[in-house]
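Engineer: Would you be able to build a 3D model of this:
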Amino acid sequence: MRRNDNRRFAATLAALLLLLAAAVYVSVTNGTFDIAPLDVAKTLLRIHPNADYDLVVFDFRLPRIVIAMLVGFGLGIAGAVIQGITRNGLADPGILGINAGAGAAIVTFLFLFAGKVKITGWLAVMTMPVFGLVGGLLAAACIYALAWRGGTLDPRNLVLSGIAIGSGFGAISLYLSLKMNAKDFETAAVWLTGSIYNANWTYIVATLPWLVLLTPVMMRKAYALDLFQLGETTATGLGLATEREKRLLLLAAIGIVSACVAVSGGIGFVGLLAPHIAKRLVGQRHRYVLPVCGAIGMLLVTASDLIAKTAFQPAELPVGIVIAIVGVPYFVYLLFRAKASA
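Structural biologist: Numbering: from 1, shown residues only. Now for the predicted structure:
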């Protein structure tokens, strides 16, 4: 049985990575300025460098592709962890209010400081993501405090607190955005819907350490997520320190989501869709589900970004809108399925 599970996991992961490679190939060669595959290869291998190709590939397309993969991977595995902790198949990082907290921080920055603070270099690039990260962590701290009851972290209170905190931060964002000038309002609106059009290598450097440090923590705790599905009483009876494991896993998920949202805006539904698709493909064991969720998230965001930048040329949609077009119907389907099985 285990050998069959391993083969199924390996085949699924290989198929997803092949689809991801195809999406990356199309994304790096197509756009407003098409580049032949041979010219892309020469540019990457530094054979007869061309300044125009270097600009398009290294400054515009590759950073965007890499940040899409990192964000998709992070949101996918974080969604699986949050659903595992809460034992709620409709849970999503956006539902916990982290996206709303980061969005409120970004809107506050644009309202108070846009065009008024003269900074240059690396600090200028990272100012908005840093505000987003702080806002996401602040929202997570508020949610955690509200969900902590009697020395335990209640999964139901966690979701309810997330919805309440998210609504509050959303109201703050709306209030401030209505007081902005037209240019800052447009920037805030695009960011809040989820967009990676301004991705750069600095964003990648800022996001990568969070994934490198926190992903192994989640992978090592995959067995705990499996035991959580049996119920906390059963998990405790089997020797699992449930509260400690929940805190550790939740903090790891919050850290990854905050880092991703800080550089990509409020991209939703990735953390909702990826775990459901992964469980259909490889079963319920989280040692298989987490890597597959990451691969599905990468494919989903990369393919959606490709559609967003090419389907309506020369106009461009935020990637969050494209994902929502798929995510909203799937969310409704999950609601009806949950209602039917109740």
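
Engineer: Tell me which residue is most central in this structure.
Structural biologist: Of all residues in the chain, the one closest to the mean position by Cα atoms, centre = their mean is Leu75, 2.9 Å from it.

Engineer: Confirm for me that that residue is in contact with Met298.
Structural biologist: No. Using Cβ atoms under 8 Å, Leu75 is not in contact with Met298; the gap is 9.7 Å. Any C-beta I mention is one placed from the backbone N, CA and C, and that applies to glycine too.

Engineer: Packing partners of the helix or strand bottoming out on mean pLDDT in the chain?
Structural biologist: Sorting the helices and strands of the chain by mean pLDDT, DSSP states H and E puts strand 152-153 at the bottom, at a mean of 74. Helices and strands touching strand 152-153, by 3 or more Cβ pairs under 8 Å, 6 or more residues apart in numbering; DSSP states H and E, are helix 242-264.

Engineer: mean confidence score for the helix it packs on?
Structural biologist: The predicted model assigns helix 242-264 a mean pLDDT of 85.

Engineer: can you check stretch 135-151 too?
Structural biologist: pLDDT averaged over stretch 135-151 gives 81.

Engineer: Flag every buried residue along it.
Structural biologist: By neighbour count with 16 or more other Cβ atoms under 10 Å, stretch 135-151 contains the buried residues 135-140, 142-144, 146-148.

Engineer: Going along the chain, name the strands of the stretch 1-150 of the chain.
Structural biologist: Taking DSSP state E, counting those that start in this stretch, the strands of the stretch 1-150 of the chain run over residues 148-149.

Engineer: In it, what residue spans correspond to helices?
Structural biologist: Using DSSP state H, counting those that start in this stretch, the helices of the stretch 1-150 of the chain run over residues 2-29, 37-45, 51-54, 62-86, 98-113, 121-147.

Engineer: and the fifth one, what does it pack onto?
Structural biologist: Going back to what we said before, that points to helix 98-113. Applying 3+ Cβ pairs under 8 Å, 6+ apart, we find helix 98-113 packed against helix 121-147, helix 155-177, helix 182-193, helix 242-264.

Engineer: how about those helices, which one is nearest Val328?
Structural biologist: Checking those against Val328 by Cβ to Cβ gives helix 182-193 as the closest, at 13.2 Å.

Engineer: can you list the residues that contact the closest one?
Structural biologist: Helix 182-193 is contacted from outside by 103, 106-107, 110-111, 114-115, 128, 173, 177-178, 180, 197, 265-266, 318, 320-321, using Cβ atoms under 8 Å, 6 or more residues apart in numbering.

Engineer: quick check: angle from the very next helix or strand once past that helix to helix 62-86?
Structural biologist: Proceeding N to C from helix 182-193, the next assigned helix or strand is helix 201-220, under DSSP states H and E. Here the directions of helix 201-220 and helix 62-86 differ by 30 degrees (axes from the mean of the first three to the mean of the last three Cα atoms, to 10 degrees).
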